[in-house]
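J.: Predicted model and sequence follow; I will ask about them next.
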Amino acid sequence: MIERLLPAASTSATEIDFLFSLIFWLVGFWFVLSEAIFFGLILRFRKREGRKAQYVTGELQSEKRWITVPHLLVLVCDVFIVFFAVRAWHQVKQDLPTAPTQQVVRVEGAQWAWIFTHPGPDGKLDSADDIRKVNELHVEVDRLYHFQLTSRDVLHSFSVPVFRLKQDAIPGRVITGWFQPTKTGEHDVQCAEICGIGHGLMPARIHIETSEQHAAWIAANSTVSVAAVAGR
Ligand SMILES: [Cu+2]
């Protein structure tokens, strides 16, 4: 449903989309039903000449059923939502999968830009060949990434809508998370936490590339040449 509006480009996006749909349909069903009953009763028992209003206390068993039965049914729906929500939360936020080819990128929020540090040709962060870019994140499709998220000043929130990923950035803390892109393309990265007058002016872009494109980008952007790293 959501994918028609916004592509799903990470391994956890489908799980999050399923949750959106589940909540939408369950809540939508009860909303439409209760509004229909509500307005139906208003119309049916509207003021009529010669008919006195009835005083209903709601104490009779037959009246209480109007509350208890839907209440129990809504609770059953809640159990479903909570089950799938906890499962998605665990997968996205608590689990930190690893893979032999994984890479680490550093993401820094600042007033008002995103600063991304990519590993250079050696595939490691914090070495001479790192590539730092402002408002430009380059990743390779199908590769597992861990991100180290922090802020230089105030609260920001690293939001990548196509990944269905959102995580607050907190000054003084490094928050680790992960994502695995599944589709190539160029998409928005946003700040999802009001962080000052320029909050709306920190739209970065994520470039999800094939391995060849990504290797070419690294070669073209690293200050240390690929050959120098290979010969080290
Ligand atoms: Cu911000």
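T.: Structure's in. What do you need?
J.: can you list the residues of the protein near the ion?
T.: Applying CB under 5 Å from the ion, one finds that the chain approaches the ion through His156, Cys191, Cys195. Backbone N, C-alpha and C define where each C-beta goes, glycine included.
J.: does the last one really touch Gln111, like I thought?
T.: Yes: under the contact definition of CB atoms under 8 Å, Cys195 touches Gln111, with a separation of 6.2 Å.
J.: And the strands in this structure, which stretches?
T.: In the chain, the strands defined using DSSP state E lie at 103-110, 113-118, 131-134, 136-140, 145-151, 156-160, 165-169, 175-179, 185-191, 204-209.
J.: Just the buried positions in the shortest one, please.
T.: Which is strand 131-134. Neighbour-count burial for strand 131-134 flags Ile131, Lys133 (criterion: 16 or more other CB atoms under 10 Å).
J.: State the distance from Pro119 to the ion.
T.: Pro119 sits 24 Å away from the ion, taking CB to the ion, to the nearest Å as the criterion.
J.: show me what contacts that residue?
T.: Listed by CB atoms under 8 Å, 6 or more residues apart in numbering, the contact set of Pro119 reads Gln103, Val104, Val105, Leu125, Ser127, Asp129, Asp130, Ile131.
J.: burial count for the second one?
T.: By other CB atoms under 10 Å, 17 other residues sit near Val104.
J.: can I assume it is in contact with Arg143?
T.: No: the pair Val104 / Arg143 is not scored as a contact, 11.3 Å apart, by CB under 8 Å.
J.: ok, Arg205 - contacts?
T.: Residues counted as contacts of Arg205 (CB under 8 Å, 6+ apart) are Asn135, Glu136, Leu137, Glu186, His187, Asp188, Val189.
J.: Show the buried residues in the contacts of Pro119.
T.: Burial by neighbour count, 16+ other CB under 10 Å: within those this picks out Gln103, Val104, Val105, Leu125, Asp129, Asp130, Ile131.
J.: which residue lies farthest from the center of this protein?
T.: The outermost residue of the chain relative to its centre, with distances by CA atoms, centre = their mean, is Gly50 at 58.4 Å.
J.: and that residue, what pLDDT?
T.: Turning to Gly50, the model gives it a pLDDT of 88.
J.: of all the strands of the chain, which lies closest to Asn221?
T.: Ranking those by proximity to Asn221 (CB to CB) places strand 131-134 first, at 4.9 Å.
J.: re earlier: export the contacts of Arg205 to TSV and tack on pLDDT?
T.: Compiled in TSV, those are given as follows (pLDDT from 0 to 100):
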residue	pLDDT
Asn135	95
Glu136	94
Leu137	96
Glu186	95
His187	95
Asp188	94
Val189	95
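J.: Which single one of the residues you listed is nearest to the ion?
T.: The nearest member of these to the ion, counting by CB to the ion, is Val189 at 10.9 Å.
J.: bridging residues for that closest one?
T.: Using DSSP bridges, the bridge partners assigned to Val189 are Ala204.
J.: List only those of the contacts of Arg205 flagged as buried.
T.: Applying 16+ other CB under 10 Å to the contacts of Arg205, the neighbour count classes Glu136, Leu137, His187, Val189 as buried.
J.: Pull the most distant pair out of those.
T.: So, the buried ones among the contacts of Arg205 by CB to CB: farthest apart are Glu136 and His187, at 12.1 Å.
J.: Burial check on the residue nearest to Gly185 when sequence neighbours are not counted, number of neighbours?
T.: Leaving out its chain neighbours, the residue that sits closest to Gly185 by CB to CB, 6 or more residues apart in numbering is Ile208, at 5.5 Å. Burial of Ile208 is recorded as 24 neighbouring residues (other CB under 10 Å).
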